[in-house]
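J.: here is the input, now give the coordinates:
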Amino acid sequence: MEELYSMHNAITVSLEPLASSDFLKLHTLPETFKILMPKLDYYRFYKNNFAKAIEVVGRLRVDSPAFQAFLDNASQIKVKGRRVEPLEEMLRAPMVRLESYRSLLADLCSPELMSVGSEGNIKYYDLKELQMLLDQLTDYITRLQDGAAPEKLMWTRKLVKAAVCVEFHESKRKFRHVILFNDTILCATRARSKSKGNAQTAHDCKWFLPLEELTWHPPTDVPMDPISPVTPTSTAELAQYQTKINKLKGDLKHSDQAKKKFGLKHDRERKKKNLLDLEMMLKMLQHNQVVRLFSRTGKVHTLLFAEHAEKAEWAAAIEDCQAEMLNRQPGFSSGTSTVDINQMLFMAKGSIAKQEEEVKAYIEDDDVELLDGLLVVLVDCAYGLKSKGKTEIFSQLEVDTYGRSERKAKTKCVQYSIKPEWDQGFEVELEAAHSMTVQIYESRMLSDYVIAKGMIELVSYGLLDQEIHTIDLPLQPQGQLSMKLQYLTPEMMLKRSEMMKANTTTAVFGVRLELITIRECDLIPNIVRLCAEEVEKRGLEETGVYRISGLASDVKMLREAFDVDIDQAEKLVKEVDIHAVTGALKLFLREMPEPLFPRVLYNRFVEGSNLSNIDSRISCMVSLLYSMPDANLLTTLYLIKHFKTVSQFSATNKMTSSNLATVIGPNVLKPIDDGADRIVLDVGNQVSIFGFFVDLRLDLLEPEERDVDGYSVQEVLSSTSMTKIGIMTSRSTDSANMGRESPGGAGLTRGYLDIYSKT
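T.: Numbering: from 1, shown residues only. This is a model prediction of the structure:
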């Protein structure tokens with residue numbers, strides 16, 4: 001039904017010039033009906049199911065009084081002044097519409113309609129081409145009415161798709177080769193058999209499933225195998241594995257240097273094996289996109305893919321193969337004997353070998369450089385895209401974080417054209433990132449569809465020079481995307497923050513927290529309060545809140561407002577996209593000269609989080625939290641409560657406490673030695689520490705009655721309205737005593753301005 005509706009909608013839109021007598025636009029009519037011809041078999045599928053559908057409706061009318069009552073009520077409804085037709089008539093509508101298309105084509109091929117108006121020799125469309133389409137459609141309808149199937153295609157088995165994915169069986173994950181043929185899907189695993197003393201690599205078939213027996217839903221008429229639920233790997237767990245891998249790589253590097261310099265021995269092979277095991281486990285845990293294949297005999301196979309786009313591609317490929325199978329020669333059946341299976345494995349031998357080489361290269365490449373920092377992206381326009389009908393399209397940016405792809409930004413929808421333009425900028429946070437994937441989607445009624453995609457390996461594009469790079473990214477299977485990129489290291493981000501401090505006493509970005517709280521007479525900064533409140537008003541159900549980047553122009557506008565005019569900032573927070581609001585809050589936390597969790601306490605927090613006894617861990621961590629300065633403590637408690645609220649809506653917004661900790665932790669916790677290598681090594685600790693507090697029950701954060709300038713901590717934790725916590729008037733607010741830092745400049749760097757010159 002969705003395919004029929006989508007096709008009919010595209011044809012209807014293209015025929016609108018007929019209703020308005022705008023005949024000059026009718027030159028696209030042949031192209032319009034070419035949309036219909038390749039999809040005529042949808043009507044054959046529909047007709048084959050029609051008799052069964054009518055039978056089911058008739059049976060339900062008799063057996064189900066509730067169903068009959070529903071139909072009786074529906075018949076009284078009027079839509080646009082017309083009563084709803086009986087269900088049986090509505091089910092006939094697609095077949096009636098096919099006949100109406102034939103009649104319309106016949107009318108369009110008449111000489112009377114070919115020339116209209118004062119200039120009788122004007123040809124608005126190619127009559128010969130339209131006549132050919134009419135003949136094809138008439139022949140198809142005749143065959144359909146006579147019960148004769150359209151001509152069958154010659155059928156031969158061919159390899160369609162192959163990939164390495166993870167099979168989830170009996171609560172365990174295993175790497176598997178999955179191979180799709182046009183009639184069978186086959187799962188293979190690597191096996192080693194010794195022959196004449198040599199290890200010969202081969203592959204064994206674990207299972208196969210003919211596509212004619214495959215369904216996407218459990219069959220109801222046979223007993224089913226038990227289905228094990230798949231628990232997605234949290235980003236925090238991935239970060240912990242990456243931290244272990246980085247430390248082990250560091251140990252190997254130092255050991256090699258010591259061996260070379262001092263002749264010291266070390267067990268390199270054992271460490272290399274441990275490293276390989278950790279990297280294989282990490283790669284396996286990065287697969288969390290679930291596809292379940294059900295057999296009509298009751299078997300179920302659960303496959304896990306690393307990316308949503310890959311999952312969607314496989315589902316679409318299987319459905320296309322199932323549709324093509326209807327055109328097989330009569331009497332054809334899928335061969336699944338031992339000989340057939342071995343033949344399929346032989347056909348896929350080249351693809352399997354290529355996949356194993358790619359996995360091996362990924363795992364064994366010790367020199368893969370992972371980036372942390374900020375990627376400034378300007379998505380400009382696309383060329384060479386082909387879309388069907390008058391659709392809307394949008395772009396989506398995904399960045400791999402510890403090997404797992406995460407959506408970071410999404411452009412607005414624009415009308416499809418020869419050169420669709422977005423002209424939107426984003427600031428994308430990078431954490432152990434290696435590549436960025438750009439996907440262009442066609443917006444559809446029920447689900448969005450990928451029409452093109454491309455990938456950028458960030459290091460190989462030379463982004464480390466921190467210059468602006470203009471890139472025309474080739475897309476597959478069509479088109480290219482024009483964009484600009486600039487990479488900023490963590491050190492460069494801090495330098496930029498210092499340069500952007502306004503030359504006034506009102507700046508908040510890049511200013512020490514204690515100075516802000518004295519100036520604002522509030523232990524919780526206005527920017528924290530306003531952004532958090534706005535998220536809780538309209539962002540709790542927004543997918544990817546705090547993870548997806550907002551428009552860079554909106555974030556920049558909020559930044560300037562908070563630095564100059566708090567009243568203007570309060571208005572803007574209510575108007576801009578919610579992702580820009582979260583982006584401004586993250587930017588504020590990231591650019592604090594001294595992080596929210598003081599650096600001097602960082603190592604003690606790490607030690608406390610590693611205590612094995614849970615009671616000792618809670619006691620130590622909460623005690624350390626309460627040893628922080630007043631402003632740091634109350635701001636942290638305020639944010640902890642806020643993120644608890646956000647995580648309560650994780651079923652909708654997909655932001656669990658671990659996901660929030662992954663996004664926020666590195667911004668509020670930083671080691672004393674914050675070199676680039678140390679930052680990568682400590683990400684797991686930062687995520688773990690902040691996640692600990694977000695997961696901790698609120699009552700355990702109240703170990704003592706502590707007053708902060710006359711306000712109790714309990715007021716912050718129990719308040720539902722987040723009442724303002726003021727500073728007692730005994731503290732001086734004289735700007736002369738604030739000890740304000742010297743500004744580092746009043747604007748962005750020239751390169752940073754250039755990239756947003758359009759936005």
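J.: what mean pLDDT does the strand or helix carrying A432 get?
T.: In the assignment (DSSP states H and E), A432 maps to strand 421-433. Mean pLDDT, computed over strand 421-433, is 83.
J.: now for that strand, which elements pack on it?
T.: Packing partners of strand 421-433 (3 or more C-beta pairs under 8 Å, 6 or more residues apart in numbering; DSSP states H and E): strand 371-383, strand 392-401, strand 404-410, helix 552-564, helix 578-590, helix 657-668, helix 676-695. All C-beta atoms are positioned from the backbone trio N, CA, C, and that covers glycine.
J.: output the contacting helices and strands for the host helix or strand of L515.
T.: Assigned by DSSP H and E, L515 belongs to helix 513-520. Packing partners of helix 513-520 (3+ C-beta pairs under 8 Å, 6+ apart): helix 630-647.
J.: again, only using 10 Å
T.: Counting contacts by 3 or more C-beta pairs under 10 Å, 6 or more residues apart in numbering; DSSP states H and E, helix 513-520 packs against helix 526-538, helix 630-647.
J.: can you show me the CA trace of the longest one as PDB?
T.: What it means is helix 630-647. The C-alpha coordinates for helix 630-647 follow below in PDB (Å, rounded to 0.1, in the frame of the first residue of the first chain):
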ATOM      1  CA  ASP A 630      30.200  26.200  46.500                       C
ATOM      2  CA  ALA A 631      29.500  27.400  42.900                       C
ATOM      3  CA  ASN A 632      30.900  24.200  41.400                       C
ATOM      4  CA  LEU A 633      29.000  22.000  43.800                       C
ATOM      5  CA  LEU A 634      25.600  23.600  43.300                       C
ATOM      6  CA  THR A 635      26.000  23.900  39.600                       C
ATOM      7  CA  THR A 636      27.000  20.300  39.400                       C
ATOM      8  CA  LEU A 637      24.000  19.200  41.500                       C
ATOM      9  CA  TYR A 638      21.700  21.300  39.400                       C
ATOM     10  CA  LEU A 639      23.000  19.600  36.200                       C
ATOM     11  CA  ILE A 640      22.900  16.200  37.700                       C
ATOM     12  CA  LYS A 641      19.200  16.600  38.600                       C
ATOM     13  CA  HIS A 642      18.500  18.000  35.100                       C
ATOM     14  CA  PHE A 643      20.200  15.100  33.300                       C
ATOM     15  CA  LYS A 644      18.300  12.600  35.500                       C
ATOM     16  CA  THR A 645      15.100  14.300  34.100                       C
ATOM     17  CA  VAL A 646      16.400  14.000  30.500                       C
ATOM     18  CA  SER A 647      17.300  10.400  30.900                       C
END
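J.: for A162, which of the helices and strands packed on helix 513-520 is the nearest?
T.: The closest of these to A162 is helix 630-647. By C-beta to C-beta, the value is 38.8 Å.
J.: got a list of contacts for the helix or strand just after that closest one?
T.: Using DSSP H and E, the helix or strand that follows helix 630-647 in sequence is helix 650-653. With C-beta atoms under 10 Å, 6 or more residues apart in numbering as the test, helix 650-653 has contacts from 539-547, 646-647, 656-660.
J.: most neighbours of all those, which one?
T.: Scoring the contacts of helix 650-653 on neighbours with other C-beta atoms under 10 Å, the highest-scoring entry is L660 at 27 neighbours.
J.: so how far is L144 from it?
T.: Per C-beta to C-beta, to the nearest Å, L660 is found 56 Å from L144.
J.: kindly report the same for I456.
T.: Distance of I456 to L144, computed by C-beta to C-beta: 48 Å.
J.: how far is the strand holding A432 from where the chain is centred?
T.: Distance of strand 421-433 from its chain centroid, counting by C-alpha atoms, centre = their mean, to the nearest Å, is 14 Å.
J.: using CSV, write out every CA atom in that strand.
T.: What follows is strand 421-433, C-alpha atoms only, in CSV (Å, rounded to 0.1, in the frame of the first residue of the first chain):
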residue,chain,number,x,y,z
GLU,A,421,21.1,24.2,-1.4
TRP,A,422,21.2,23.9,2.4
ASP,A,423,23.8,26.5,3.3
GLN,A,424,23.9,25.5,7.0
GLY,A,425,26.8,25.3,9.4
PHE,A,426,27.4,23.0,12.3
GLU,A,427,29.9,22.5,15.1
VAL,A,428,30.4,18.8,15.4
GLU,A,429,32.2,17.4,18.6
LEU,A,430,34.8,14.7,17.9
GLU,A,431,35.7,12.0,20.4
ALA,A,432,38.2,9.4,19.1
ALA,A,433,36.8,10.0,15.6
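J.: what's the angle from the next helix-or-strand element following that strand to strand 404-410?
T.: For strand 421-433, the succeeding helix or strand toward the C-terminus, using DSSP H and E, is strand 435-443. Here the directions of strand 435-443 and strand 404-410 differ by 60 degrees (axes from the mean of the first three to the mean of the last three C-alpha atoms, to 10 degrees).
J.: between strand 435-443 and strand 421-433, how many degrees?
T.: Strand 435-443 and strand 421-433 are oriented at 140 degrees to each other (the same axes, to 10 degrees).
J.: still on that earlier bit, so between I456 and L144, which is more surrounded?
T.: Applying other C-beta under 10 Å to I456 and L144 shows that I456 carries more neighbours, namely 22 against 17.
J.: ok, the residue nearest to E421 when sequence neighbours are not counted - contacts?
T.: Excluding the flanking residues, the one nearest E421 by C-beta to C-beta, 6 or more residues apart in numbering is C381, at 4.3 Å. Counting by C-beta under 10 Å, 6+ apart, C381 touches S395, V414, S417, K419, P420, E421, W422, D423, Q480, L481, S482, M483.
J.: and the pLDDT at C381?
T.: At C381, the pLDDT value in this model is 91.
J.: the closest residue to E237 other than its chain neighbours: how many residues sit nearby?
T.: Closest residue to E237 apart from its sequence neighbours, by C-beta to C-beta, 6+ apart: L285 at 6.9 Å. For L285, the count of nearby residues is 20 (other C-beta under 10 Å).
J.: doesn't V166 make contact with L285?
T.: Yes: shown here, L285 and V166 form a contact pair, counting by C-beta atoms under 10 Å, at 8.8 Å.
J.: what residues are shared contacts of those two?
T.: Each of R173, L304 lies in contact with both L285 and V166 under the rule C-beta under 10 Å, 6+ apart.
J.: next one, pLDDT for Y43 please.
T.: Taking Y43 on its own, its pLDDT is 75.
J.: how many neighbours does it have?
T.: When neighbours are counted by other C-beta under 10 Å, Y43 registers 20.
J.: skip ahead from the one helix or strand it maps to and say which helix or strand is next.
T.: Secondary structure assigned from DSSP H and E places Y43 in helix 41-63. For helix 41-63, the succeeding helix or strand toward the C-terminus, using DSSP H and E, is helix 65-74.
J.: where does pLDDT dip in the stretch 101-250 of the chain?
T.: Within the stretch 101-250 of the chain, the ranges that satisfy pLDDT under 70 run 111-127, 146-155, 191-202, 235-236, 250.
J.: helices along that one, start to end?
T.: Using DSSP state H, counting those that start in this stretch, the helices of the stretch 101-250 of the chain run over 111-114, 127-146, 235-262.
J.: on contacts alone, who are the packing partners of the second one?
T.: Contact partners of helix 127-146 among helices and strands, from 3+ C-beta pairs under 10 Å, 6+ apart: helix 29-36, helix 41-63, helix 87-108, helix 111-114.
J.: so how far is the third one from its chain's centroid?
T.: Read it as helix 87-108. Its chain's average C-alpha position is 40 Å from that of helix 87-108, according to C-alpha atoms, centre = their mean.
J.: what angle do that helix and helix 41-63 make?
T.: Using the same axes, to 10 degrees: helix 87-108 against helix 41-63 is 150 degrees.
J.: can you name every helix or strand that helix 87-108 contacts?
T.: Helices and strands touching helix 87-108, by 3+ C-beta pairs under 10 Å, 6+ apart, are helix 2-14, helix 16-20, helix 29-36, helix 41-63, helix 65-74, helix 127-146.
J.: out of the ones you listed, deepest packed?
T.: Comparing the helices and strands packed on helix 87-108 by mean neighbour count (mean count of other C-beta atoms under 10 Å), helix 29-36 comes out on top with a mean of 18.
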